[in-house]
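> Predicted model and sequence follow; I will ask about them next.
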Amino acid sequence: MITIVSGTNRPNSKTIEVAEFYQQLLASHQVESQILDLAKLPADFTFTALYGNVGKNEEFNVLRSLMDASQKFVFVVPEYNNSFPGVFKAFIDGLSYPNALQYKKCALVGLSDGVQGNALGLSHLTDVLNYLGMHVLAQKVRIPFMQKNFVKGKIADRFIDQLIDDQARLFLAF
């Protein structure tokens, strides 16, 4: 089972829409997946589930268990301040260390309203994931200009649509 992580806690985000699109893409390849939406994080998890409170927040423990049980991930990551969302980093910090991500595999999809599709954020995230021992698929998909390139739940640009399909195929073989 592949877990697709919507990398923001912003309600009703484009990120969750892209995660749902990716889930449909995987289904078209006859692959099951589940979505872990960071919008479902407990609001107080940075105080009740990290550091000395590990294991004490039952809502967070459910999400943590999903991550522990999965071997492959697709991280859909919006650009926040030329990087990835801090809540996503805090979520990663709350996972079991080092086992939650070590030796597991992932693909990255970056989103932005700007020209680069969160290229720098994906680079930052790759550094974090490599440090944790995760294998990151080299082909990263960036969706720039989200307002025009992702419309009504679909990729509007044919080139980007082909890139994301190519990434999914490579990821399934990874």
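Right, received. Where do you want to start?

> just to confirm, which helix or strand has the residue nearest the centre of the chain in it?
When C-alpha atoms, centre = their mean is applied to the chain, the residue found nearest the centroid is residue 75 (1.8 Å). Assignment of secondary structure by DSSP states H and E places residue 75 within strand 72-78.

> Tell me where this structure has helices.
14-28, 45-48, 58-69, 86-93, 119-131, 146-149, 158-173 (DSSP state H).

> can those helices go into a markdown table with extra columns for distance to residue 2 and mean pLDDT?
The C-beta positions use only the backbone N, C-alpha and C, and glycine is treated the same way. Output for the helices of the chain, formatted as a markdown table (distance: least, C-beta to C-beta, whole Å; pLDDT from 0 to 100):
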| stretch | distance to residue 2 | mean pLDDT |
| --- | --- | --- |
| helix 14-28 | 6 | 98 |
| helix 45-48 | 24 | 95 |
| helix 58-69 | 11 | 95 |
| helix 86-93 | 18 | 97 |
| helix 119-131 | 16 | 97 |
| helix 146-149 | 23 | 96 |
| helix 158-173 | 8 | 98 |
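
> What number of residues are in the vicinity of the nearest residue to residue 128 once chain neighbours are set aside?
Using C-beta to C-beta, 6 or more residues apart in numbering and skipping residues adjacent in sequence, the residue nearest residue 128 is residue 92, 6.6 Å away. For residue 92, the neighbour count with other C-beta atoms under 10 Å is 21.

> what residues are up against residue 92?
Shown in contact with residue 92 (C-beta atoms under 8 Å, 6 or more residues apart in numbering): 101, 128, 132.

> between the helices of the chain, which one is nearest to residue 140?
Comparing these against residue 140 with C-beta to C-beta, the closest turns out to be helix 119-131 (5.1 Å).

> If you count contacts, what does that closest one end up packed against?
strand 72-78, helix 86-93, strand 105-111, strand 135-136 (3 or more C-beta pairs under 8 Å, 6 or more residues apart in numbering; DSSP states H and E).

> Among the ones you listed, which comes closest to residue 8?
Nearest of these (C-beta to C-beta): strand 72-78, 5.3 Å.

> Within its sheet, name the partner strands of that closest one and how each one runs.
Applying DSSP bridges, strand 72-78 is found paired with strand 2-6 (parallel), strand 105-111 (parallel).

> measure the residue of the chain most remote from its centre to residue 132 for me?
Distance from the centre of the chain peaks at residue 52, with 26.0 Å (C-alpha atoms, centre = their mean). From residue 52 across to residue 132, the span is 21 Å (C-beta to C-beta, to the nearest Å).

> Could you do residue 20 as well?
Distance from residue 20 to residue 132, by C-beta to C-beta: 26 Å.
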